[in-house]
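**Student:** Using only what follows, build the 3D model:
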Amino acid sequence: MKKKSLLVFLILTISLAACGGGAEPTLSVDDQVMTAVAATATAQAEFDNAVDNAVAATVVAMPPTPTPGPTVDYYELSEEELATLIDEAVEEAVVATEASSAATTEATSDGTMTSEEVYTTAEYIYDAEAAVYYAEELLAAYYDLYGAYAEDILYLLTAVEEDLDTLIYALEEVEDILVQGAEVATATIEQLNEAETSLTTHISESQADRDQFLEQVKTGLQDRENTFANMAPNEIAGDLNGTLDQLHDYIDTVKTSFGDRKIDKNELTQIAQLGANAQASILANGGPKLQGFGDSIDSLTRQISRGEWPQAGRDLGGFEASIPSRPTRR
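**Tutor:** Purely as a prediction, here's the structure:
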């Protein structure tokens, strides 16, 4: 409707101008219409551009969503390697959160926040959130793979997870304010500072949990290895064929347990017991031909008990290929 009115107005204006000046040439109706259309398009473009500039001036651009942490194939890591990665990721999350806290403090120090300060602070917040989410993802993988053995460090796992949840809650609280723009951020300076103080306090109070985590995992791995690699035999074969049967039973059980790419506590107990029986039977009946296999069983059981599953899986294939065939059952 506005475009049509403007077109009519321009046509009338041009017509009147043509009538008023006898010396100037009179434009044809077609020329008048074309001139009016061109003028309308120019006016509309200028109007649209002015609107776009006005809208852009009122919008606070926010940083893009941060890139998630690196993709990790957890099944290719030993338990200790995954625990080390968690330890590093949690520390990186803490450092990123501290940086976001410092950025918030600096931005609010004069009692106001500009759009630029909101943008910069939001960048720090997003980076910290990405770091925390990555650490939580690693913790979830640890629970999934090794939760059955984690009784001795379960309280630490839970504590670290709760620490990360607290950080995310505080970070999201700040983010919710920042995305509303500089005016809202300035009006809620006190709330932003309270969230920053909460972050700083929690990071300090949770330091002990983080410090203990990796050492407790290493201690638990050593205890588990000592328990399962030194299990006493409860059945010794009476001859060579029985010994070979036990050796194959051990290997078959390991292969079956690795079917889902992880081994639970019951499976580990069974593997360790079969390994202890096969080792004792080899000593009793194996002779020179089988003596080296006892060491292979010991090594494989220790790897499995320590959560060194990728290496154990690789060694298992060579071990199986090297042993004599299972005796024919009659």
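**Student:** Can you give me the domain boundaries for this structure?
**Tutor:** 2-58, 75-222, 231-322 (automatic domain parsing).
**Student:** okay if I get those domains as CSV plus mean pLDDT and mean neighbour count?
**Tutor:** Every C-beta, even on glycine, is put in place using the N, C-alpha and C of the backbone. Shown next, in CSV, are these (pLDDT from 0 to 100; neighbours: other Cβ atoms under 10 Å):
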stretch, mean pLDDT, mean neighbour count
domain 2-58, 47, 12
domain 75-222, 90, 18
domain 231-322, 94, 18
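**Student:** Tell me which of these sits nearest to Thr328.
**Tutor:** Closest to Thr328 of those is domain 231-322 (Cβ to Cβ; 9.1 Å).
**Student:** rewinding a little: include distance to Thr328 when you put the domains of the chain into a markdown table, please.
**Tutor:** Listed next are these as a markdown table, based on distance: least, Cβ to Cβ, whole Å:
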| stretch | distance to Thr328 |
| --- | --- |
| domain 2-58 | 83 |
| domain 75-222 | 36 |
| domain 231-322 | 9 |
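**Student:** My guess is Thr121 contacts Ala102. True?
**Tutor:** No: Thr121 is beyond contact range of Ala102, at 9.9 Å (criterion: Cβ atoms under 8 Å).
**Student:** Chain neighbours aside, what residue packs nearest to Ile203?
**Tutor:** Val94 (5.6 Å; Cβ to Cβ, 6 or more residues apart in numbering).
**Student:** and the one you found, what helix or strand is that in?
**Tutor:** Using DSSP states H and E, Val94 maps to helix 79-108.
**Student:** Please apply the same query to Lys289.
**Tutor:** helix 287-305.
**Student:** next one: Asp144
**Tutor:** Applying DSSP H and E, one finds Asp144 within helix 115-146.
**Student:** which other helices and strands contact that helix?
**Tutor:** Using 3 or more Cβ pairs under 8 Å, 6 or more residues apart in numbering; DSSP states H and E as the contact test, the elements touching helix 115-146 are helix 79-108, helix 154-178, helix 182-187.
**Student:** elements contacting the helix or strand in which Gln311 is found?
**Tutor:** Secondary structure from DSSP H and E places Gln311 in helix 309-322. Contact partners of helix 309-322 among helices and strands, from 3+ Cβ pairs under 8 Å, 6+ apart: helix 240-257, helix 287-305.
**Student:** What is the shortest one packed up against?
**Tutor:** By that I understand helix 240-257. Under the contact rule (3+ Cβ pairs under 8 Å, 6+ apart), helix 240-257 is packed against helix 265-281, helix 287-305, helix 309-322.
**Student:** dump the residue contacts of the residue nearest to Thr97 when sequence neighbours are not counted.
**Tutor:** Excluding the flanking residues, the one nearest Thr97 by Cβ to Cβ, 6+ apart is Ala128, at 4.5 Å. Residues counted as contacts of Ala128 (Cβ atoms under 8 Å, 6 or more residues apart in numbering) are 93, 96-97, 99-100, 167, 171.
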